[in-house]
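Visitor: make a model of this:
(3 chains)
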Amino acid sequence: MSRPSANFLAGLNPQQAQAVACTEGPVLVLAGAGSGKTRVITRRIAHILGKGLAQPKEVLAVTFTNKAASEMRERVAELIGRERAEGVVLSTFHSFCLRVLRTHADQIGYRRNFTIAGESDARLLLRRVTDELRTHDASYSPALFQSAISLRKNNCQGPEEVEAGPVRDATEEKYAASLAEVYERYQSALRAANSLDFDDLLVQTLRLWREHARLLAGARRQFKYVMVDEYQDTNRVQYELLRLLTGERRNLCVVGDDDQSIYGWRGADIKNILDFERDFPEATIITLDQNYRSTETILRAANSVIANNSARREKKLWSELGKGRAIDWILTADEEAEAAEAVKWIQHVREKSGAPYQDFALLYRSNIQSKPLEIAFRRAGIPYVVYGGQDFFERAEVKDIISYLKVLANPADEAAFLRVVNMPRRGIGDATLHQVHDLCREEHLPLGKALLELLKRGLAPPAAEKGIREFLGVVAEFRKRFKERQGTLQRIATDLVLAIDYRGELDRACKNAAQAINRWQNVELVLNALGEYEKTAKTPGLMEFLDESHLNSDQDRKSKAERRESAVTLMTIHSAKGLEFPFVFLMGIEDGLLPHETSLSEGTLEEERRLFYVALTRARRHLTFFEAISRVKHGKERMTKTSRFVQEIPEELLTQHARAARPMVEERVAPPQPKPKPKRRAPRKRG
DNA sequence: AGACCCAGGTTTTTT
DNA sequence: ACCTGGGTCT
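Guide: Numbers count the residues shown, from 1 in each chain, chains lettered A, B, ... in the order given. Down below sits the predicted model:
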C-alpha cells in the first residue's frame, strides 16, 4: 500500500543509500561527524516499513539519550506520518529495558511496582551499607563505591566476580578489598527496597532474558529489525543485550563513529565498534565520510589531529563547503582575560557576519571553566545559557516531594523512606531508624510495618512517638487516595504537600526568604509537571510519572522553551556531542585541561584526543581557540602550556593572536626576543 | 537534633 | 579556593 521504497533513497549519496537499502543481516555504518547519520537511520526505518518488511512495532531503534530518541521520532514521522511513526519502538536502552521489566519483573524477584533508584537514592543506600560494615576507616566514600559498582555492572560483573577482577587504579585498590561485600549488600538492599538503579535496568533485563528462554524468544520474534545509534558508546551489558535480542536473525544495524567515543570512563567499550566484524563476520561495512557540516579547514584540522590515534578505523572526512577561514587562536594572560577576549570576539564576529547569538557555542573540558565566562557575559550583557549543572529532579526539595510519591507507590522503597520519614522534622532521628532497620531484618517487615511495630512494642523513643504516628497517618491516608484515585494525581499530590506543611518546612530550613521562595517554586513546578503529565500521557499513573521523572533529564524538556531565545551556548565538549554551531569557541586549549591531567596518568590520551576531535567537528563555519598563559588550578595560580593537540594541526590552518606573552623562560638557548610576538606556535617547548 | 569545624578532594555525565 | 562530608560539641 505504501509508496515504493525508492522514495526513501532519493537525495542520498551512494554510501548513505547503500546503508539504507541494506536491510538484511548485520550492518556497520561508520558515520563520520556531520555525515548524515540520523538521516540514514530514519530513512532506513522508513525504507523497511515502506517495503513491507516489517510492521512499525517490529522495528526497534535504540539511542542513548531521550533527546536523540524524540528527534529521531520526529524525523521518522516526517517520512511516514505520525501515526505509523508512533508504532516504531524507538527509545533509549534504559526506557526500553524498563518497559520489559515493568511487564516481567516478577520473574526475577521484583514486584511490578518497583521504583527506580536515582543516583542520590542509590548513594543513600550505599551510605547505609558502608555504615553497617564499619570495617574501614571513615575516608571511604559511598560515591566512589557507587562508581566502582556501576562500572562493574556495566561490565556484566556480579559481586562474586569482583574479587578476581583487575583493579583499575590506586584509588580503586583501596576500595577493592571491601568492594565485593559492599556491592553484594548494596544489591540486596536494592532488592529489599524493591528498587532498581539505572544500571540494573539493563543488567536485570539481561538476566531476565537469559533465565527465561520463552520471554527472550518472544522478544526475538517481535523485533525483526534492530538499529543502534552511537554504537561506539555501548558498554558490555548493552552489547550482550543486543546479541541476545538479535539472535539468529542477526538483523542488527549499528551506526557510530569510533573517533567520537568519549565515554570510555563510564564503561563504553570502543572495542564493540572496532571488532564488529569479528562478532559478525558476514557484516556489511559502510563508511560515510562526506561531511555536510564544516569547512575544509575545519575538517583538515580534525583529520590531522585524529590521525595520531592508533586504535581507530581509518577514515578521512571531506566536504564541498569550501575552504573557509583559518582557525583563530587567541593567547591571553589568564582566565579572566580569556573570557573578556571571548566577549570581544563574539561582538567582533557579530558585527562582521550579523550572526545571532545562538550561532555561538563556547566549549570547554570542565564545568568549572564556565564561571569566568558567565561573569564576563553578564557584565557585557550578552545572553547565554549554561548547559549541565544540577538536574531539576536532583534538587533537594524536588527529591523530597518525589520521594514521598515513591513511598506511596512502593512501600518498600528504603531510600525514599529514609529521605522523607523525618521531613519535615518529626523528631525521628538516627537512633529510631536504627531500631527500625533492626526490626526489618529480624522480622522481615517492610519499613512502614516496622515503624508501626516499634510503636506497638513501645520501643520507640517517646520524643519520636508522635512523629511516627503523624508520618504513618499521612502515608496511609494518601496511599489510599492514590489507590482509589480520589481526585487527579495533581490534586492529591498538592494536598499531600499541604498536609505535611512543606511550605512551612522550607521557611524554617532556609536561611533567607529568597531561597525559600525559589525552592517553593520548584515544588510547584513538580506539581505542575504532574498535572501536565496527566493531561498528555496515554496511561497516566503515579508509577509512570515517577519512571519518567527518573529517565528523562530536564535538559530534554528545557531545550524546547529555551531554543526560542537567542543566546550563546556554554557547555562541556561532552555535552556538545551530536550538536553543531556555526561558530565554535574552544576554551582553555592547554595541556592539563585538554588533555586533562588525569588522562596522562590513566593512559587515556587517545580518548582525550577524540574529545578534542569532537570539539573541532562541532563547528560549521569557524573555529576559535582560546588559551590562557596562567590559570588558577586547585586554588593555585599556575603557568600553562599549549595543548599538545594544537601542535598536531598544520600550521597554515592557524592564525595566532597574542594578547599576552608568556614570560621568558631561561632555557638552554633563550632566543633573543625583545618583544615576543610569535606569528604561529606557542613559544614554549615543542613536541 | 542541630550548630560548628576541620580534612580531603577536587574530569567528563546519561540514564 | 571551595565545597562536601563527617565528627564533635552543645
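
Visitor: mind listing what's buried in stretch A:477-496?
Guide: Applying a neighbour-count criterion of 16 or more other CB atoms under 10 Å, one finds A:478, A:481, A:482, A:489, A:490, A:492, A:493, A:494, A:496 buried in stretch A:477-496. The way it works is simple: take the backbone N, C-alpha and C, and place the C-beta from them, glycine included.

Visitor: the fourth one: what's it in contact with?
Guide: If a contact means CB atoms under 8 Å, 6 or more residues apart in numbering, then residue A:489 has A:482, A:530, A:531, A:533, A:534, A:540, A:542, A:545 as its contacts.

Visitor: next one: the third one
Guide: For residue A:482, the contacting residues are A:408, A:409, A:489, A:492, A:542, by CB under 8 Å, 6+ apart.

Visitor: for the residue in chain A that DNA strand B sits nearest to, give me its contacts.
Guide: Residue nearest to DNA strand B within chain A: residue A:429 (1.2 Å; CB to the nearest atom of the strand). Applying CB under 8 Å, 6+ apart to residue A:429 gives the contacts A:422, A:461, A:464.

Visitor: by neighbours, which of those residues wins?
Guide: Each of these was scored by neighbour count (other CB atoms under 10 Å); the top score is that of residue A:464, with 22 neighbours.

Visitor: how far is the helix or strand where that residue lies from where the chain is centred?
Guide: Per DSSP states H and E, residue A:464 falls inside helix A:462-483. In this view, helix A:462-483 has its centroid 36 Å away from the chain centroid, taken as CA atoms, centre = their mean, to the nearest Å.

Visitor: now do stretch A:429-446
Guide: Using CA atoms, centre = their mean, the mean C-alpha position of stretch A:429-446 is found 35 Å from that of the whole chain.

Visitor: again with stretch A:531-539
Guide: Centre-to-centre, stretch A:531-539 and its host chain are 25 Å apart (CA atoms, centre = their mean).

Visitor: would you format the contacts of residue A:429 as a markdown table with distance to residue A:373 included?
Guide: A markdown table is the format used below for these (distance: CB to CB, whole Å):
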| residue | distance to residue A:373 |
| --- | --- |
| A:422 | 40 |
| A:461 | 52 |
| A:464 | 49 |
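
Visitor: and these as TSV, adding distance to DNA strand C?
Guide: Shown next, in TSV, are those (distance: CB to the nearest atom of the strand, whole Å):
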residue	distance to DNA strand C
A:422	16
A:461	16
A:464	17
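
Visitor: adding pLDDT, write those out as TSV.
Guide: As requested, these are exported to TSV (pLDDT from 0 to 100):
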residue	pLDDT
A:422	83
A:461	78
A:464	80
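
Visitor: closest to residue A:455 out of those?
Guide: Of all those, residue A:464 has the smallest distance to residue A:455: 9.3 Å, by CB to CB.

Visitor: doesn't residue A:430 make contact with the closest one?
Guide: No: checked against CB atoms under 8 Å, the pair residue A:464 and residue A:430 is beyond contact range at 10.9 Å.

Visitor: give me the number of residues near the residue of the stretch 201-350 of chain A found nearest DNA strand C?
Guide: Residue nearest to DNA strand C within the stretch 201-350 of chain A: residue A:335 (12.5 Å; CB to the nearest atom of the strand). Residue A:335 is flanked by 23 other residues according to other CB under 10 Å.

Visitor: residue A:187 now?
Guide: Using other CB under 10 Å, residue A:187 has 19 other residues around it.

Visitor: and stretch A:98-112, how far out from the chain's middle?
Guide: Worked out by CA atoms, centre = their mean, stretch A:98-112 lies 24 Å from the chain centre.

Visitor: do stretch A:63-79 as well
Guide: Here stretch A:63-79 is found 17 Å from its chain centre; the criterion is CA atoms, centre = their mean.

Visitor: circling back to that earlier point, got the contact list for the spatially closest residue to the residue of the stretch 201-350 of chain A closest to DNA strand C that is not a sequence neighbour?
Guide: Spatial nearest neighbour of residue A:335, chain neighbours left out: residue A:372 (4.6 Å); criterion: CB to CB, 6 or more residues apart in numbering. Contacts for residue A:372 (CB under 8 Å, 6+ apart) come out as A:335, A:336, A:338, A:339.

Visitor: next up, phi/psi of the third one, please.
Guide: If I follow you right, that is residue A:338. Main-chain dihedrals, residue A:338, degrees, to the nearest 10: phi -60, psi -50.

Visitor: what's near enough to touch it?
Guide: By CB under 8 Å, 6+ apart, the contact set of residue A:338 is A:330, A:332, A:372, A:587, A:588, A:626, A:627, A:628.
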